[in-house]
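Visitor: need a 3D model of the following:
(chains A and B)
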Number of protein chains: 2
Amino acid sequence: MSVNLFNAVEFSHLLLKKTLKPGDKALDATAGNGYDTKFLAELVGAEGKVFSFDIQKEAVNNTQKLLQTADLEKNVKIIKASHAELDSYLEDKINAAIFNLGYLPGGDKKIITRAKSTVKALKKTIKLIENDGIVVLVIYSGHPGGDDERDAVLKFVADLDYKKYNVLNYKFLNQPGPPPQVVAVKKRI
Amino acid sequence: MSVNLFNAVEFSHLLLKKTLKPGDKALDATAGNGYDTKFLAELVGAEGKVFSFDIQKEAVNNTQKLLQTADLEKNVKIIKASHAELDSYLEDKINAAIFNLGYLPGGDKKIITRAKSTVKALKKTIKLIENDGIVVLVIYSGHPGGDDERDAVLKFVADLDYKKYNVLNYKFLNQPGPPPQVVAVKKRI
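Guide: Residues are numbered from 1 along each chain as shown, chains lettered A, B, ... in the order given. Next up, the predicted model:
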């Protein structure tokens, strides 16, 4: 037996898995190639609903294909729009949300999530979270602009009222380059 | 169902529990009132061994009493000495170690663990750790001197070779006062 120190993506999935149950509603704020959307759709099942946002046509297409292959497209609504405008499309309360900050893996590295719109989307997401719900962010910051976004997110979550939210930070300290880190905001009441 | 964000002490215990099995050897570098020593003794069982260090007589007495009450004193060696000298008492390789940095709860708050001796003890402990073994630190830093020690420990572990060790940091970002944080060093090879 030996302890497994989960990497950032594994730890983000563990938190989502522990939070979501069949019938729940979930948000993927950054659909990307669709892997998290698929993971959320499996967790909430046929009675649940996933809302998945991305501004890039390539990401929306890749996500659609992945869901079709897994026969999961029925309970997912893919929205080609910025997550900063998510309240225009989404009025439901949600039980969990995931953000992957950075660029589309395999896509155009110049198109990145950015500090201002990410914090705007995060604020709106936190308002939609049910009690005991969770917002999980996997923050990549090795690309130009990544440091600014990471710092803006860390500042925003550090200022959240501790009576209403627990804000956890999970990261590795001795990796080469800035490894991805996890921030999780749990709504307490 | 809702996700439980473990607090620092709970998370440290989770890591130890996932690492240690009956028959293993473990180190409590800061016996304190004995709670972690007892926890380790239960995990390694009658075939295992726990080495428990503290410089304060009160801590040694409290730890002894706790172990006697739980009928666990046989497989624990309590050593009244600084953990900075642990290699004078301990030649065995160990599978897991725990450090609680700060002062003795309920004791003299002027007697604290300090940056220099803590880093010295940590270096020696890392040398004794078996492959796949883990060193877990729960760092309290709200007291005078606590910041210096925390910063010295974080600097030391951030410089460990990533090919040999994974160094995880687990902390809450929005608590009043500096809440305890966890650092875990896992030996990879």
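Visitor: residue A:5 against residue B:186, yeah?
Guide: Yes: counting by C-beta atoms under 8 Å, residue A:5 sits close enough to residue B:186 to count as a contact (5.4 Å). No exception for glycine: its C-beta is placed from N, CA and C like everyone else's.
Visitor: which one of those two is surrounded by more residues?
Guide: residue B:186 (23 against 20; other C-beta atoms under 10 Å in any protein chain shown).
Visitor: which one is that one nearest to, not counting chain neighbours?
Guide: Setting aside the residues directly before and after it, residue B:186 is nearest to residue B:166 in space (C-beta to C-beta, 6 or more residues apart in numbering or on different chains), at 4.5 Å.
Visitor: get me the contact residues on chain A for chain B.
Guide: With C-beta under 8 Å from any C-beta of the partner chain as the criterion, chain A meets chain B at residues A:1-5, A:15, A:18-21, A:132-134, A:154, A:157-162, A:165-176, A:183-184, A:186.
Visitor: can you flag the buried ones in those?
Guide: For the residues of chain A next to chain B, burial is judged from neighbour counts taken by 16 or more other C-beta atoms under 10 Å in any protein chain shown, and it is met by A:2-3, A:5, A:15, A:19-20, A:132-134, A:154, A:157, A:160, A:165-174, A:183-184, A:186.
Visitor: where do the contact lists of residue A:5 and residue B:186 overlap?
Guide: Common contacts of residue A:5 and residue B:186, defined by C-beta atoms under 8 Å, 6 or more residues apart in numbering or on different chains, comprise B:166, B:168.
Visitor: quick one: the helices in chain A, in order.
Guide: When secondary structure is read from DSSP state H, chain A shows helices at A:8-19, A:35-44, A:57-69, A:115-128, A:146-158.
Visitor: quick one: residues in contact with the second one.
Guide: Just to be clear, that refers to helix A:35-44. With C-beta under 8 Å, 6+ apart as the contact definition, helix A:35-44 has outside contacts at A:13, A:16-17, A:20-26, A:28, A:30-31, A:48, A:50, A:52, A:63, A:66-67, A:70, A:72, A:75-76, A:78, A:96, A:98, A:100.
Visitor: in strands, which of those residues fall?
Guide: When the contacts of helix A:35-44 are checked against strands (DSSP state E), the matches are A:25-26, A:28, A:50, A:52, A:76, A:78, A:96, A:98, A:100.
Visitor: list just the nearest of the residues you listed to chain B.
Guide: The nearest member of those to chain B, counting by C-beta to the nearest C-beta, is residue A:96 at 8.4 Å.
Visitor: need the pLDDT of that closest one.
Guide: Residue A:96 carries a pLDDT value of 98.
Visitor: show me which strand runs longest in chain A.
Guide: Longest strand in chain A, counting residues (DSSP E): strand A:129-139.
Visitor: packing partners for it?
Guide: helix A:8-19, strand A:94-101, helix A:115-128, helix A:146-158, strand A:181-187 (3 or more C-beta pairs under 8 Å, 6 or more residues apart in numbering or on different chains; DSSP states H and E).
Visitor: the first one: which residues count as buried?
Guide: Buried residues in helix A:8-19, counted by 16+ other C-beta under 10 Å: A:8, A:11-13, A:15-17, A:19.
Visitor: what do you get for the longest one?
Guide: Of the residues in helix A:115-128, those buried under the neighbour-count criterion (16+ other C-beta under 10 Å) are A:115, A:118-122, A:124-126, A:128.
Visitor: give me the contact list for it.
Guide: When contacts are taken as C-beta under 8 Å, 6+ apart, the neighbours of helix A:115-128 outside the stretch itself are A:27, A:29, A:82-84, A:86-87, A:90, A:92-94, A:97, A:99, A:101, A:135, A:137, A:145, A:148-149, A:151-153, A:156-157, A:160, A:165, A:185, A:187.
Visitor: that helix vs strand A:94-101, what angle?
Guide: Using axes from the mean of the first three to the mean of the last three C-alpha atoms, to 10 degrees, the interaxial angle of helix A:115-128 with respect to strand A:94-101 works out to 170 degrees.
Visitor: show me how far helix A:115-128 is from its chain's centre.
Guide: Here the centre of mass of C-alpha atoms in helix A:115-128, compared against the chain's by C-alpha atoms, centre = their mean, to the nearest Å, lies 11 Å away.
Visitor: give the contact list for the residue nearest to residue B:186.
Guide: Under the criterion of C-beta under 8 Å, 6+ apart, the neighbours of residue B:166 are A:5, A:172, A:174, B:184-186, B:188.
Visitor: gap between it and residue B:17?
Guide: As for residue B:166, its distance to residue B:17 is 18 Å (criterion: C-beta to C-beta, to the nearest Å).
Visitor: now swap in residue A:137 and tell me
Guide: Residue A:137 sits 28 Å away from residue B:17, taking C-beta to C-beta as the criterion.
Visitor: same thing with residue A:140?
Guide: In this structure, residue A:140 and residue B:17 are 31 Å apart, going by C-beta to C-beta.
Visitor: still on that earlier bit, narrow the contacts of helix A:35-44 to those that are buried.
Guide: Of the members of those, the ones counted as buried by neighbours, 16+ other C-beta under 10 Å, are A:13, A:16-17, A:20, A:24-26, A:28, A:30-31, A:48, A:50, A:52, A:63, A:66-67, A:72, A:75-76, A:78, A:96, A:98, A:100.
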